[in-house]
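Trainee: what would the 3D arrangement of this be:
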Amino acid sequence: MNLIQNEFFIGFIINFVLITLFSWLPIMTKIGWINAGFLGTILWGCLSWQGWLSIVFYLIFGSLVTKIGYKYKSKKGIAEKRGGRRGAENVWGSAATGFFFAILIKFNIGNLDILKVAFASSFSAKLGDTFGSEIGKRFGESTFLITTLKKVEKGTEGGISFEGTLASIFGSLIMALVIFKLGLISSYLQFFIVSISGFLATLVESIIGAVFQEKYDLSNELVNVIQTSIGSIIAVIFFLALS
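Mentor: Predicted coordinates:
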């Protein structure tokens, strides 16, 4: 019990210091930083510095790609709100699924390899979605509705482009690579599973956007939770089938 308490305490101190130093950066709102600090503390306590650092990389990559062509996207009315700053809802929309699996890993509830693959795939899915959306909105030449392939305006829910799809693949791969290099997933098979599951989840997210989001008035944050969960489910199915 003392070890657990120490791990969470270390995580709290590190997050407190770093957020105090860097909260001036235009990455998050004030409440977003607070929630990110809580998330970071729990992730350090559950997965040590490797789990924490993987999400730091996710935040950096996601924030950078959001800023690409922001003036253009803002002019078109398809940019992220608040100048791209993430709020609490964005933190948990992206990380709720990974947070859940981190808790299960910490308390050894289930097969650890499966849980780690599910954790990794949730963030691979989300970074793939972020890359695809932000690059597609800025550089996509033509955007098509994924369910009908009918040409639509950039920023349309469920819209995909060739450029955005390539970016989704890259985003999923780079997140899987980071987590692989940090040792949270430990084999090339797991790296492949996390990468492909993350990308497939971005396609499913586009289908949800095209078919269900407006019909049922689903928020982007809820869709993010659904998408990351689907990424984890796909990964678990692949893992069980291929292992």
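Trainee: where do the helices of this structure begin and end?
Mentor: Here the chain has its helices, by DSSP state H, at 2-22, 30-67, 70-76, 88-106, 112-139, 162-181, 188-208, 220-242.
Trainee: centre of the chain versus the second one, how much separation?
Mentor: Relative to the centre of its chain, helix 30-67 is centred 10 Å away, using C-alpha atoms, centre = their mean, to the nearest Å.
Trainee: list the buried residues for that helix?
Mentor: 32-33, 35-48, 51-59, 61-63, 65-67 (16 or more other C-beta atoms under 10 Å). Quick note: C-beta positions are derived from backbone N, CA and C, even for glycine.
Trainee: quick one: mean pLDDT over that helix.
Mentor: Mean per-residue pLDDT for helix 30-67: 93.
Trainee: can you state the direction angle for that helix and helix 162-181?
Mentor: Computed with axes from the mean of the first three to the mean of the last three C-alpha atoms, to 10 degrees, the direction of helix 30-67 lies at 120 degrees from that of helix 162-181.
Trainee: next, the angle from helix 30-67 to helix 112-139.
Mentor: Here the directions of helix 30-67 and helix 112-139 differ by 60 degrees (the same axes, to 10 degrees).
Trainee: who are the packing partners of helix 30-67?
Mentor: For helix 30-67, the packing partners by 3 or more C-beta pairs under 8 Å, 6 or more residues apart in numbering; DSSP states H and E come out as helix 2-22, helix 88-106, helix 112-139, helix 162-181.
Trainee: could you tell me the least trusted of the helices of the chain?
Mentor: helix 70-76 (a mean of 78).
Trainee: residues contacting residue 184?
Mentor: By C-beta atoms under 8 Å, 6 or more residues apart in numbering, the residues touching residue 184 are 47, 50, 51, 54, 116, 119, 120.
Trainee: what do you get if the cut-off is 10 Å, keeping everything else the same?
Mentor: 47-48, 50-51, 53-54, 105, 116-117, 119-120, 123, 178, 190, 194 (C-beta atoms under 10 Å, 6 or more residues apart in numbering).
Trainee: what residues are up against the residue most central in space within the chain?
Mentor: Centroid check for the chain by C-alpha atoms, centre = their mean gives residue 126 as the closest residue, at 2.8 Å. The neighbourhood of residue 126, defined by C-beta under 10 Å, 6+ apart, consists of 58, 62, 93-95, 97-98, 171-172, 175, 198, 201-202, 205, 224-225, 227-228, 231.
Trainee: buried subset of the residues you listed as a PyMOL selection?
Mentor: Buried subset of these, written as a PyMOL selection, criterion 16+ other C-beta under 10 Å:
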select buried, resi 58+62+93+94+95+97+98+171+172+175+198+201+202+205+224+225+227+228+231
